[in-house]
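*Asks:* Give me a model of this one.
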Amino acid sequence: MLKRTTSAPAELFASSSDTLGPEGEIEIVSWNIASPNLNPLEYWVTHESQSYSDLMCSVQKAIDDPKEEDIELGQIFTRSMFQELKSELSAQKIQKLEELEHIWENQMMKRKAISEFLKDPSFGEKRLISMPDRITSALQTDDNRMLFRPSPISRCEEDISDVA
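*Replies:* Numbering: from 1, shown residues only. From the prediction side, this is the model:
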């Protein structure tokens, strides 16, 4: 039986199990701090599997105290990735790209990914992290059908196995 809750249990225990899957398989963990309610994986689910519980506890611990895993955003989203994004935005005639680059280089890229970005309350208040997912995960067509973005956290019914 599965039970959904909105946060982790009060007491967390260290993981003692290997969380790597068989070679060639993709394992996904989604940990949505902002909780926009469309993500079926955003809630803690109590399950009888000890390895599941260990995984959930280890993810929560990593968010609570990321230590050396709390790397700079610029190590995740590299300069070349930013330049590629900027080029795509320019092709779409998006304005103020120099201002965007200034903000990225002077305010964002040196921030720690977990403690200074994901856990920054100002981003949560502005919905800067969760809103893009909220507004792109499902679209309603003119004839009232719902289309879901293919992803592990949407209600997409398409086969997305070829993305591996």
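*Asks:* after the helix or strand encompassing Q83 comes which helix or strand?
*Replies:* Element membership of Q83, judged by DSSP states H and E, is helix 79-91. The helix or strand immediately downstream of helix 79-91 is helix 97-103, counting by DSSP H and E.
*Asks:* just to revisit the earlier point, I'd like to know which elements the helix holding Q83 is packed against.
*Replies:* Here helix 79-91 touches helix 97-103, going by 3 or more Cβ pairs under 8 Å, 6 or more residues apart in numbering; DSSP states H and E. Heads up, the C-betas are built off the backbone N, CA and C, glycines and all.
*Asks:* hang on, the earlier thing: can you list the buried residues in the helix holding Q83?
*Replies:* F82, K86 (16 or more other Cβ atoms under 10 Å).
*Asks:* wait, I63 sits on I114?
*Replies:* Yes: I63 is within contact range of I114, at 6.2 Å (criterion: Cβ atoms under 8 Å).
*Asks:* where does the protein have low pLDDT?
*Replies:* 1-45, 129-130, 151-157, 160, 163-164 (pLDDT under 70).
*Asks:* What strand or helix carries S51?
*Replies:* Using DSSP H and E, S51 falls in helix 50-64.
*Asks:* and that helix, what does it pack onto?
*Replies:* Checking 3+ Cβ pairs under 8 Å, 6+ apart, helix 50-64 ends up next to strand 44-46.
*Asks:* what's around L97, how many residues?
*Replies:* 13 (other Cβ atoms under 10 Å).
*Asks:* can you pull the contacts of it?
*Replies:* Contact partners of L97, counting by Cβ atoms under 8 Å, 6 or more residues apart in numbering, are K86, L89, S90.
*Asks:* closest to F148 among these?
*Replies:* L89 (25.3 Å; Cβ to Cβ).
*Asks:* gap between the two ends of stretch 133-149?
*Replies:* 10 Å (Cα to Cα, to the nearest Å).
*Asks:* which residues of this protein fall in helices?
*Replies:* 50-64, 73-76, 79-91, 97-103, 121-126, 130-136 (DSSP state H).
*Asks:* Of the ones you listed, flag the one that's most buried.
*Replies:* Stretch with highest mean neighbour count among these: helix 50-64 (a mean of 16; mean count of other Cβ atoms under 10 Å).
*Asks:* picking up where we left off before, CSV for the contacts of L97, including distance to L118?
*Replies:* Formatted as CSV, these follow (distance: Cβ to Cβ, whole Å):
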residue, distance to L118
K86, 23
L89, 23
S90, 28
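*Asks:* Understood, closing this out.
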